[in-house]
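Asks: Sequence first, predicted coordinates after that:
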There are 2 protein chains.
Amino acid sequence: MEINIDIDAPVPLFAQLMGQIKRAVQHDQVSPGDPLPSIRQLASDLDLNNKTVAKAYRLLERDSVIQTRGYRGTFVHPDAKANCTIDLSAWVTTKLGETIAELREKGVTDSEIRIAFGTVMNNRPQ
Amino acid sequence: MEINIDIDAPVPLFAQLMGQIKRAVQHDQVSPGDPLPSIRQLASDLDLNNKTVAKAYRLLERDSVIQTRGYRGTFVHPDAKANCTIDLSAWVTTKLGETIAELREKGVTDSEIRIAFGTVMNNRPQ
DNA sequence: ATATGTACCATGATGTTGTATGGTACATAT
DNA sequence: ATATGTACCATACAACATCATGGTACATAT
């Protein structure tokens, strides 16, 4: 698995890392159960901070693309490939766009929409 | 109708103005059909910018608390008193909450929802 | 001892958002 | 001429979130 990080790109580093790992999964460069580099190792290789890599791993695990097993390391999730689909995000954007368009038509301000969005996303049992 | 604006309060000026006008409506200090001061006049009296007063008036008209009739001026809405109690933000939160709950049920992660939200809010249709 | 993920403390830089302000201009009607 | 609401151009500032970074520490297991 080859990973290239562009420090000058407008895309956040952790997002670049997430995207390339997902890409490797979709292109079968890694398979379910395969071990991934440790956080410290990958951070050292890519010259990134541990926290940046840890953030990418944490989000990837939340998306069920990888699995962390404590001291045993991190591995590709059994259903990783299915959870990498990009069609989903497009559908999500469409779905959210419809609702927001409806709110805007009612005259709701963008700031009010953002406030409501923050309320919904933060008041959530995790 | 007496209006006091506190420049040092944490509440935005336009929000203070909206609140006090709503308060006057609810306390029967003004009645449906009564004329309100013009934007320029009120801005002058309160030592505010025209845009600030215009913003408050625009939002109050959206909430059907007041009515603007172009060159004829601005008046209290017939159903002003009832519309003062409607909590628009709560409705927006509910509406957004329903959509987001649907996305979550489909297995969409919060990170994807946030990304999609940012995309929608920045690609505003005119 | 070494390595794993994770948690907490913290800083600075950057970008976004919201608020409030200024000026100019228009169609409308008195 | 004067006044109404409204639209556009624009700037400045504060607040906030995001991103990336640093250090220290813990329980876990090899």
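Replies: Yes, it's here.
Asks: thought residue A:59 was touching residue A:14?
Replies: Yes: when contacts are counted by CB atoms under 8 Å, residue A:59 is listed as touching residue A:14 (7.2 Å). From N, CA and C alone the C-beta is placed, and that goes for glycine too.
Asks: Give me the residues contacting the helix ranked longest in chain A.
Replies: Secondary structure assigned by DSSP state H gives helix A:87-105 as the longest helix of chain A. Identification of contacts with helix A:87-105 by CB atoms under 8 Å, 6 or more residues apart in numbering or on different chains yields A:110, A:113, B:92, B:95-96, B:99, B:102-103, B:108, B:112-113, B:115-117, B:119-121, B:124-125.
Asks: From these, list the buried ones, please.
Replies: Among these, those scoring as buried are A:113, B:92, B:95-96, B:99, B:103, B:108, B:112-113, B:116-117, B:120-121 (criterion: 16 or more other CB atoms under 10 Å in any protein chain shown).
Asks: can you narrow those residues to ones near DNA strand D?
Replies: Near DNA strand D, judged by CB under 7 Å from any atom of the strand, there are no entries from the buried ones among the contacts of helix A:87-105.
Asks: Within range of chain B, give me the residues from chain A.
Replies: Taking CB under 8 Å from any CB of the partner chain as the contact definition, chain A meets chain B at A:59, A:62-63, A:88-89, A:92-93, A:95-97, A:99-104, A:107-110, A:112-117, A:119-121, A:124.
Asks: Get me the contact residues on chain A for DNA strand D.
Replies: Within chain A, the positions near DNA strand D by CB under 7 Å from any atom of the strand are A:12-15, A:48-49, A:51-52, A:55, A:70-71.
Asks: what do you get if the cut-off is 6 Å, keeping everything else the same?
Replies: A:12-14, A:48-49, A:51-52, A:71 (CB under 6 Å from any atom of the strand).
Asks: picking that back up, show me which of the buried ones among the contacts of helix A:87-105 is closest to DNA strand D.
Replies: residue B:117 (9.8 Å; CB to the nearest atom of the strand).
Asks: Out of the buried ones among the contacts of helix A:87-105, which are close to DNA strand C?
Replies: residue B:121.
Asks: Among the buried ones among the contacts of helix A:87-105, which one lies nearest to DNA strand C?
Replies: Nearest to DNA strand C among these is residue B:121, at 5.5 Å by CB to the nearest atom of the strand.
Asks: Tell me what angle the host helix or strand of the closest one forms with helix B:88-105.
Replies: Following DSSP states H and E, one finds residue B:121 within helix B:110-122. For helix B:110-122 against helix B:88-105, the angle by axes from the mean of the first three to the mean of the last three CA atoms, to 10 degrees is 130 degrees.
Asks: what sits up against helix B:110-122?
Replies: When contacts are defined by CB under 8 Å, 6+ apart, helix B:110-122 is touched by residues A:59, A:62-63, A:88-89, A:92-93, A:96-97, A:100, A:110, A:113-114, A:117, A:121, A:124, B:100, B:103-104.
Asks: for chain A, which spans come out with low pLDDT?
Replies: A:86-87, A:123-126 (pLDDT under 70).
Asks: now the strands for it?
Replies: For chain A, applying DSSP state E gives strands covering A:35-36, A:66-68, A:74-76.
Asks: mind giving me TSV with the ones you listed and columns for mean neighbour count and distance to residue A:4?
Replies: Shown next, in TSV, are the strands of chain A (neighbours: other CB atoms under 10 Å in any protein chain shown; distance: least, CB to CB, whole Å):
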stretch	mean neighbour count	distance to residue A:4
strand A:35-36	16	16
strand A:66-68	20	19
strand A:74-76	19	20
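Asks: and these as TSV, adding distance to DNA strand C?
Replies: Below are the strands of chain A laid out as TSV (distance: least, CB to the nearest atom of the strand, whole Å):
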stretch	distance to DNA strand C
strand A:35-36	7
strand A:66-68	4
strand A:74-76	4
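Asks: Can you tell me which of the ones you listed is nearest to residue B:33?
Replies: With CB to CB as the criterion, residue B:33 lies closest to strand A:66-68 of the strands of chain A, at 64.8 Å.
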